[in-house]
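# Quick one, fold the following:
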Amino acid sequence: MLRTNKKERNQVEIFSIEEFVPQDHLLRKIDSAVDFTHIYDFVTDLYCKNNGRPSVDPVVLVKMVLIQHLYGISSLRRTHEEISMNVAYRWFLGYLMNEEIPHFSTVSYNFKHRFTEHTVENVFNWILNEINNAGYLSLEAVFIDGTHIKANANMKKVVKKAVPQASKIYEDQLMKEINEDREEHGKKPFEGKKEKEEKIINESTTDPESGVFHKGEHKKCFAYSAQTACDQNGYILEVEVNSGNVHDSVAFDGLYDKLTEKFPEIETIVADAGYKTPWICKKIIDDG
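You can find the predicted model right below:
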């Protein structure tokens, strides 16, 4: 027998958000495992204590960005729309269905002007320490690789700019060792280059911090180079982001120094041939 559904779209209903979120939902698992109140420890000093308008809860702002990245949502504007319609997202933020979600521009402003790079690093390191304390990190061997992330910048919107040649990190160390050897043999030490040579680069007028990337069959574009270190279980231990025209071997030192300072118990570094330079080999071998 044919039956048609009633279209009662204007019906007012009373229901519990708690009952609509499945018990095995990913956000339930995260909420039970992570004490998000620790975020207040990192951001309290960034807010005025006794005047100004009431702020949006910083935990809510962090959770909105977490939802965006967990579910691959393309923008904060789209994230705001998805959260407004999704019961599980609202439950995770602690907002009822008739409450207005913080505007996407509020999230963007806070992460651009209030929360510093140091704030984000504190949150990252806190979670990483929780994972380590629970015994999930495997730090005997660490895997390092770089990947390029395309910037949202047009290759036609550029300006020519003269910039100093970036001095390689090992040059100062090499000059120091040479001069020590010369002094032992009674020779006058070298003074080194007084002025850095300049080179002409194409700088994006849209995103000046990015750099031109072109490798093999890849189309030339503005990009960033992200150096990432992971343990054997796939947990990210450290990340270093540079402009796309910085070679992996040049960007290695910044990542490696922070990584070994944070985890001195690392025994082995695993990396591909792009990192096989005399300086990197010497540095790792000297560190044992």
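
# need the helices for the stretch 151-288 of the chain, in chain order.
169-184, 248-262, 278-286 (DSSP state H, counting those that start in this stretch).

# quick one: the longest one to helix 248-262, angle?
What that stands for is helix 169-184. Angle of helix 169-184 versus helix 248-262, following axes from the mean of the first three to the mean of the last three Cα atoms, to 10 degrees, is 80 degrees.

# would you put the C-alpha positions of helix 169-184 in CSV?
The C-alpha trace of helix 169-184 is given here as CSV (Å, rounded to 0.1, in the frame of the first residue of the first chain):
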residue,chain,number,x,y,z
ILE,A,169,74.0,26.9,9.0
TYR,A,170,77.2,25.0,8.7
GLU,A,171,79.2,27.9,7.2
ASP,A,172,79.9,29.5,10.6
GLN,A,173,80.9,26.1,12.1
LEU,A,174,83.2,25.4,9.2
MET,A,175,84.9,28.8,9.4
LYS,A,176,85.3,28.3,13.2
GLU,A,177,87.0,24.9,12.7
ILE,A,178,89.2,26.3,9.9
ASN,A,179,90.4,29.2,12.0
GLU,A,180,91.1,27.0,15.0
ASP,A,181,93.3,24.9,12.8
ARG,A,182,95.1,27.9,11.3
GLU,A,183,95.7,29.3,14.8
GLU,A,184,97.3,26.0,15.9
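
# What lies in contact with it?
188-190, 192, 250, 253, 279, 282-283 (Cβ atoms under 8 Å, 6 or more residues apart in numbering). Bear in mind the C-beta positions are built from the backbone N, C-alpha and C, glycine included.

# From the chain's centroid, how far away is it?
The chain centre lies 35 Å from the centre of helix 169-184; the measure is Cα atoms, centre = their mean, to the nearest Å.

# Same check on stretch 27-36?
For stretch 27-36, the distance to the chain centre is 21 Å (Cα atoms, centre = their mean).

# Quick check: mean pLDDT of it?
Average pLDDT, stretch 27-36: 94.

# Any buried residues in it, and which?
By neighbour count with 16 or more other Cβ atoms under 10 Å, stretch 27-36 contains the buried residues 27, 31, 36.

# In contact with the nearest residue to residue 274 once chain neighbours are set aside, which residues are there?
With sequence-adjacent residues excluded and distances taken as Cβ to Cβ, 6 or more residues apart in numbering, residue 274 is closest to residue 248, at 4.5 Å. By Cβ under 8 Å, 6+ apart, the residues touching residue 248 are 145-146, 225, 227, 274-275.

# go on, residue 38?
residue 126.

# going forward, begin numbering at 53 instead of 1
Noted, 53 is the first residue going forward, which turns the last one into residue 90.

# Extract the C-alpha set from the worst-scoring helix or strand of the chain on mean pLDDT and format it as PDB.
The weakest-scoring helix or strand in the chain, judged by mean pLDDT, DSSP states H and E, is strand 210-216 (a mean of 76). This file holds the C-alpha atoms of strand 210-216, laid out as PDB (Å, rounded to 0.1, in the frame of the first residue of the first chain):
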ATOM      1  CA  VAL A 210      54.600  39.000  -8.200                       C
ATOM      2  CA  VAL A 211      57.300  41.600  -7.600                       C
ATOM      3  CA  LYS A 212      61.000  41.200  -8.200                       C
ATOM      4  CA  LYS A 213      63.000  41.600  -5.000                       C
ATOM      5  CA  ALA A 214      66.700  41.500  -4.100                       C
ATOM      6  CA  VAL A 215      67.300  39.600  -0.900                       C
ATOM      7  CA  PRO A 216      70.500  38.500   0.900                       C
END
